[in-house]
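Student: the sequence and its predicted three-dimensional model are supplied below.
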Amino acid sequence: MADTTALLVTRITTRERIRAVLGSDLVYSFLRSRVTIAAAMVTAIIVIAALLAPLIAPHDPYDLRQLSLLDSHNPPAWLSGGDMRFLLGTDDQGRDVFSTILYGSRQSIAIGVMATLFAGMLGISLGLIAGYTGGTVDAVIMRAADIQSTFPAILIAMLIDGTSRALFGEQRNEQIVFWVMVLSIGLSFWVQYARTVRGSTLVEKNKDYVLAARLIGIAPVKILFRHVLPNVVGPVLVIATINLALAIITEATLSFLGLGLPSTQPSLGTLIQIGQKYLFAGEWWIAIFPGITLAALVLAVNLLGDWLRDALNPKLR
Amino acid sequence: MLAFIIRRLLQAIVVMLTVALIAFTLFRFVGDPVNMMVGIETTAEERAQLRQDLGLNDPIVIQFARFVGNSARLNFGNSYQFKTPVIDLIADRFPATMELAFASALLSLLVGIPMGVYTALHRRSWLSNIFLAASLIGISLPTFLIGILLIFLFPVTLGILPSFGRGEVVRIGFWTTGLLTASGLKALVLPAITLGLFQMTLIMRLVRGEMLEVLRTDYIKFARARGLTDRAVNFGHALKNTLVPVMTIAGLQLGSIIAFALITESVFQWPGMGLLFLKAVQNVDIPIMSAYLLLVAFIFVTINLIVDLLYAVVDPRIRIDARPA
């Protein structure tokens, strides 16, 4: 059945597709806003630097053989007492701050992206099911969403983290902590997706194409994910961008509170927590540089989210 | 109206019971409560006796009912770390969190509303642009980072204002207050700014948005046509109508201020409930965790309920819309 519909659609060549993308309102509004271009560049620089961390970092902060306590507490290179080998100084264990920031951003971004994906998949699926099925299933899912949304996400993430401590005990190693973070942050952000997707599903399910699909006997699951999903996914992109910033903040906060990644495998939040102890000794570089990186990353992602929201909102055109 | 109140009350009770169920599951199934309470040298008989005394051999439903009953009477059991009643520990730290939360809420209203009004009235002025840019940064900076930057700026670099603790406190009955001593007030400044900054930007953006909306309405045009002064139009007519939604959001935000206080408390070592909860999560002290959870849920549900009821009083449409279709 799907083949007949495919034949009716005219073939679109790759070149036409590229031209359509370049001529779209989205690209136009992107190129018109200098702030958005700057935000996209900052995001790209941090993400690429984080991805290439093993290649461009001057030192490997995970390799204990390279570390020497003699190198610890060095100020940035341009201050007196600074060492040219350590551009932004070193921390209490003699790790190069610049390298730890690169590796730390990697952790922060990885957890943020995974958590956002997880929250998105969970929220979209539940929203689709709630909207399409209706009745009791809908009521149960949406009441659960109501209850969860009365609590701040960070509290839910902390609770899940605390539970994992009790469950895993001493075996809580870095690998487990990573996935616990993804799970706890993901579980605390699904509500918004579910509500949005449910709303659009309620509209879509009464349209003729869904009726047609049902008449020719396509299974409900296939209708939902192959036919309804592509039509409700637009607004989700905006939520996902803004949630990515929130997820990165939440991860950093949890790590800062000592509930996240350990200091052997630090994220940006862990680095700031380590640095906070040395702020009073005048060693500001350990906390401030990771802090600036975190703030720049979150601000840039937020600005991109703002732009996407305005660009996709037809009312503002 | 009565039906509306009853329906909202029932909803609130369902929410509280759900939270209680989560707290109970935590207490009962995450780690063994008996193992958490006794040392290694306790014999098997003593353990069995304790298990019997705690009622852990009863059917789960009865255990849950007992848990709800005890929680309603504020009996949350003993902390695993301190071996003292959880409610005493919380009561001890409750005033610190409340003073911090109210100071920041007050700060965010007193600064956020004027800033919002200014940016709405003078849309194109450079000061408005600075306020708006600053508010974007305020939303993007995580709370703990703001706290650290403030500590770096004031106590470390400039050598003014304390960076941790509550200063001297005065005890009045069961309440301890830092508001009556100079050192207590000084200690409150940085934590209150840290906690209030996010809410402040939120309120500023909200007031600005609402105000711009109101300024476009016909009755404002009519008021200007009647020749009223700018001051009377802007503040007597426009601001007054802006404040209803602002008060709602501000009320709802009070709950999240109390919850977010735990980040600020951690940065400034402020001896409040949040710090207690944080230590409890780190040490898997489940009685404190579940008590804090129930308390925060109670505060949230109560605030939500009050705001909803107030809204229904102010706006009769809600009472009618709330009727089942």
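Tutor: Received it, and whenever you're ready, just let me know what you need. This one's a predicted model, so the numbers in the text were calculated from it and none came from an experiment.
Student: what residues are bridge-paired with B:Pro85?
Tutor: B:Asn78 (DSSP bridges).
Student: is it true that it touches B:Phe76?
Tutor: Yes: counting by C-beta atoms under 8 Å, B:Pro85 does reach B:Phe76; the two are 7.4 Å apart. All C-beta spots, glycine's among them, are computed from the backbone N, C-alpha and C.
Student: pick out whichever of these two has more residues nearby.
Tutor: B:Phe76 (24 against 17; other C-beta atoms under 10 Å in any protein chain shown).
Student: and residue 269, what's its pLDDT?
Tutor: Because you didn't say which chain, this covers chain A. For A:Gly269, the model assigns a pLDDT of 90.
Student: that's the other chain; I wanted chain B
Tutor: Value for B:Gln269, per-residue pLDDT: 90.
Student: what residues are up against the nearest residue to it once chain neighbours are set aside?
Tutor: Among residues not flanking B:Gln269 along the chain, B:Phe164 sits closest, at 4.1 Å (C-beta to C-beta, 6 or more residues apart in numbering or on different chains). For B:Phe164, the contact set (C-beta atoms under 8 Å, 6 or more residues apart in numbering or on different chains) comprises B:268-270.
Student: among the residues you listed, which ones are in helices?
Tutor: Per DSSP state H, helices hold the following members of these: B:Phe268.
Student: pull out the buried members of the contacts of B:Phe164.
Tutor: If you count burial by 16 or more other C-beta atoms under 10 Å in any protein chain shown, the buried members of the contacts of B:Phe164 come out as B:268, B:270.
Student: how many neighbours does residue 93 have?
Tutor: Since you didn't name a chain, this refers to chain A. Counted with other C-beta under 10 Å, A:Gln93 comes out at 17.
Student: chain B is the one I meant
Tutor: Around B:Arg93 there are 20 residues (other C-beta under 10 Å).
Student: so for it, what's the pLDDT?
Tutor: Per-residue confidence (pLDDT) for B:Arg93: 90.
Student: from what I see, A:Leu159 and B:Leu293 are in contact.
Tutor: Yes: contact criterion C-beta under 8 Å: A:Leu159 and B:Leu293 qualify, at 6.8 Å.
Student: shared neighbours of the two, anything?
Tutor: B:22, B:26.
Student: which helices and strands sit right next to the helix or strand in which A:Ala20 is found?
Tutor: A:Ala20 belongs to helix A:14-22 when elements are defined using DSSP states H and E. Based on contacts counted as 3 or more C-beta pairs under 8 Å, 6 or more residues apart in numbering or on different chains; DSSP states H and E, there is no element that helix A:14-22 packs against.
Student: what pLDDT, on average, does that helix get?
Tutor: Averaging pLDDT along helix A:14-22 yields 72.
Student: ok, and does the helix or strand hosting B:Lys279 reach over to chain A?
Tutor: In this structure, B:Lys279 sits in helix B:273-282 according to DSSP H and E. Yes: using C-beta under 8 Å from any C-beta of the partner chain, helix B:273-282 reaches chain A at B:277-278, B:280-282.
Student: need those in TSV (columns: neighbour count).
Tutor: Shown next, in TSV, are the residues of helix B:273-282 next to chain A (neighbours: other C-beta atoms under 10 Å in any protein chain shown):
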residue	neighbour count
B:Phe277	28
B:Leu278	20
B:Ala280	24
B:Val281	24
B:Gln282	15
